[in-house]
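Student: With the sequence up front, the predicted model follows.
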Amino acid sequence: MLAAFGETPNTSTSASTLTGPYSCAIIWVKNIKEGSYTREQVPELSNLREVVLSLLGTEA
């Protein structure tokens, strides 16, 4: 799934050190965890929603 972004996830890396499209997914995950947004509010841009939901699923 993350291959479309061209990056390999590193779950030990904080959002502030990531760059490019993958950092956008990390920001969405952070916002969902903080309650600012819901999973349903992630926009369907490229495979952003799929990646965000995948990351949230692996952290449950």
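Tutor: Yep, it's here. Numbering: from 1, shown residues only.
Student: Sketch out the low-pLDDT regions of this structure for me.
Tutor: Flagging of the chain using pLDDT under 70 yields the residue ranges 1-21, 59-60.
Student: Tell me which stretches of it form helices.
Tutor: Secondary structure of the chain by DSSP state H: the helices cover 21-34, 48-58.
Student: buried sites along the last one?
Tutor: By neighbour count with 16 or more other Cβ atoms under 10 Å, helix 48-58 contains the buried residues 48, 49, 51, 52, 53, 54, 55, 56. Every C-beta, even on glycine, is put in place using the N, C-alpha and C of the backbone.
Student: of all these, which comes closest to residue 32?
Tutor: Residue 32 lies nearest to residue 56 out of those, by Cβ to Cβ, at 6.4 Å.
Student: Check whether the closest one really touches residue 30, as I assumed.
Tutor: No: using Cβ atoms under 8 Å, residue 56 makes no contact with residue 30, being 10.5 Å away.
Student: Common neighbours of the two, please.
Tutor: Listed as contacting both residue 56 and residue 30 by Cβ atoms under 8 Å, 6 or more residues apart in numbering is no residue at all.
Student: In a markdown table, list the helices of the chain along with distance to residue 42.
Tutor: Formatted as a markdown table, the helices of the chain follow (distance: least, Cβ to Cβ, whole Å):
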| stretch | distance to residue 42 |
| --- | --- |
| helix 21-34 | 5 |
| helix 48-58 | 4 |
